[in-house]
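Undergrad: let me see the structure of the following:
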Amino acid sequence: MTPPPTPAAPQWVQALISGLAALGGASGLAAIAAVVIQRGKFKADAADTLTDAALTLVQPLRTRVSELEHEALVAREELATMRVQVQQLQAAVRTLRRTLDRWRTAVMSPDATLRRVRATVSESTEQLNDL
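TA: Next comes the predicted model:
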């Protein structure tokens with residue numbers, strides 16, 4: 001009996017050659033080219049998806065920032081109005097304080113008379129009405 005003939009190359013080498021032959025054909029090259037092209041498309045799709053997600057997250061923030069800027073503008077305008085009103089009130093308080101001091105001086109004067117006090121009050125009242 002004769003032993004079976006041994007192959008010329010190991011089995012893994014034959015499998016490798018068969019695989020390369022399959023890839024080497026036109027369909028194999030087309031498949032490789034498609035994968036390479038699709039890889040670039042996948043990157044572009046991923047970038048588009050990330051951009052869309054970022055814009056979706058950023059848009060509400062932009063809207064809120066715009067609202068806050070408007071609220072800050074309104075608050076600044078109100079603050080300016082309040083400052084003017086406070087200045088007017090401070091001027092009125094100073095005027096009333098001076099009037100009260102004049103009245104007190106008239107009442108506490110050693111030579112105060114009812115007639116002088118009334119004249120001082122009447123004069124001060126006219127000045128206040130002119131304001």
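Undergrad: immediately after the helix or strand hosting Ser18, which helix or strand?
TA: Secondary structure assignment for Ser18, by DSSP states H and E: helix 11-24. Following the chain from helix 11-24 toward its C-terminal end, the next helix or strand by DSSP H and E is helix 26-108.
Undergrad: mind giving me the packing neighbours of that next one?
TA: Contacts defined by 3 or more C-beta pairs under 8 Å, 6 or more residues apart in numbering; DSSP states H and E place helix 26-108 against helix 11-24, helix 114-130. C-beta: built from backbone N, CA, C; applies to glycine.
Undergrad: buried ones in stretch 122-131?
TA: Within stretch 122-131, the residues scored as buried using 16 or more other C-beta atoms under 10 Å are Ser124.
Undergrad: so how many other residues sit close to Ala112?
TA: Ala112: 13 surrounding residues under other C-beta atoms under 10 Å.
Undergrad: OK, contacts around Thr99?
TA: Neighbouring residues of Thr99 by C-beta atoms under 8 Å, 6 or more residues apart in numbering: 124, 127-128.
Undergrad: ok, of those, which one's closest to Glu69?
TA: Within the contacts of Thr99, the smallest distance to Glu69 is 44.0 Å, found for Leu128 (C-beta to C-beta).
Undergrad: can I assume the closest one is in contact with Arg98?
TA: No: applying C-beta atoms under 8 Å, one finds Leu128 not in contact with Arg98, separated by 10.2 Å.
Undergrad: what about the spatially most central residue of the chain, distance to Gln127?
TA: For the chain, Val65 is the residue whose C-alpha lies nearest the centre (C-alpha atoms, centre = their mean; 3.4 Å). The gap separating Val65 from Gln127 is 53 Å, by C-beta to C-beta, to the nearest Å.
Undergrad: go on, Ala106?
TA: Applying C-beta to C-beta to Ala106 and Gln127 gives a distance of 14 Å.
Undergrad: could you tell me how many residues sit around Val121?
TA: Neighbour count for Val121, taken as other C-beta under 10 Å: 15.
Undergrad: quick one: it and Trp103 touch, right?
TA: Yes: using C-beta under 8 Å, Val121 makes contact with Trp103 at a distance of 6.2 Å.
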